[in-house]
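Chemist: here is the input, now give the coordinates:
(chains A and B)
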Amino acid sequence: MSAPLDIRVQAEAFDAGAELNAFAARTDGMGALVTFNGIVRADGGLTAMEIEHYPGMTEAALTEIAAEAAQRWSLGAVLVIHRHGALRAGETIMMVATAAPHRADAFAAADFLMDFLKSRAPFWKRELGPDGASWVAAKDSDEAALGRW
Amino acid sequence: MDVLYFAWVRERIGLPRERVESDAATPRALVEELRAREDRYAAAFADLSALRVAVDQKLTDFDAPLDGAREVAFFPPMTGG
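Modeler: Just a heads-up that it's a prediction; the model follows:
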């Protein structure tokens, strides 16, 4: 049976600790649980960030990436929460959690999810700093990271 | 078809989506039609290597068939996570 995928795209802030506890409760019996939280950095006076997304395609792309992870590794469950809209420095942008019987699968699946989520899910970040607003450019290294898989 | 623009592509063109009547066979051909319209389109589509395209919400390439497509979206490389 395939692992349940919980995919959420939302403007609202979420409590990563509470989500982790709820995820752990749902994946009772799994020996390994890996989580990653992405936070708005306060680099170079950055004060806020706006995240644009493509409603409909975003959910479909995230589901496809999570389903691919569940195919490649033995997973008990996958959680992806990604915010859009306005975020301040220090706020949590997104969270990935994977549960598996063994840690190698949980780590690898979370790493894979992050690599693909960065350059295959339709989100665009715009940073607001002391010099105004600018779109975050994709890095060549992000695209190159996909070659690892 | 509906043509959607995101991030700086949306800003350069000045709107998030529009209805376009076109028989273009590929996204590349559709871009050529749009470029010919006005300077703001030419500016947005100046360098296709800096852009990505999705047809009916699936990431694809500029030479993919547009046959029967309902929705085409143009945007810069994605920066999620």
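
Chemist: going by C-alpha atoms from here, please, whenever you check contacts or count neighbours.
Modeler: Noted.

Chemist: okay, the closest residue to chain A within chain B: pLDDT?
Modeler: Here chain B gets closest to chain A at one residue, B:Gly80, 4.3 Å apart by Cα to the nearest Cα. With respect to pLDDT, B:Gly80 has a value of 93.

Chemist: strands along chain B, start to end?
Modeler: B:2-5, B:17-19, B:52-55, B:58-60, B:71-75 (DSSP state E).

Chemist: helix or strand for the closest residue to the residue of chain B closest to chain A other than its chain neighbours, which one?
Modeler: Among residues not flanking B:Gly80 along the chain, A:Lys118 sits closest, at 4.3 Å (Cα to Cα, 6 or more residues apart in numbering or on different chains). Applying DSSP states H and E as the criterion places A:Lys118 in helix A:103-120.

Chemist: what are the buried residues along that helix?
Modeler: A:103, A:105-120 (16 or more other Cα atoms under 10 Å in any protein chain shown).

Chemist: and whichever helix in chain B runs longest, how far from the chain's centre?
Modeler: Using DSSP state H, we find that the single longest helix of chain B is helix B:27-35. Relative to its chain's centre, helix B:27-35 lies at 8 Å (Cα atoms, centre = their mean, to the nearest Å).

Chemist: pLDDT score for A:Asp43?
Modeler: Value for A:Asp43, per-residue pLDDT: 79.

Chemist: so how far is chain B from it?
Modeler: Relative to chain B, A:Asp43 is positioned 16 Å away (Cα to the nearest Cα, to the nearest Å).

Chemist: that residue - how many residues pack around it?
Modeler: 9 (other Cα atoms under 10 Å in any protein chain shown).

Chemist: list phi and psi for it.
Modeler: Phi and psi for A:Asp43, reported as degrees, to the nearest 10, are phi -60, psi 140.

Chemist: show me which residues of chain A sit near chain B.
Modeler: Counting by Cα under 8 Å from any Cα of the partner chain, chain A comes close to chain B at A:38, A:52-54, A:56-57, A:61, A:82, A:93-94, A:114, A:117-125, A:135-138.

Chemist: now the buried members of those.
Modeler: For the residues of chain A next to chain B, buried by 16+ other Cα under 10 Å: A:38, A:52-54, A:57, A:61, A:82, A:93-94, A:114, A:117-125, A:135-136, A:138.
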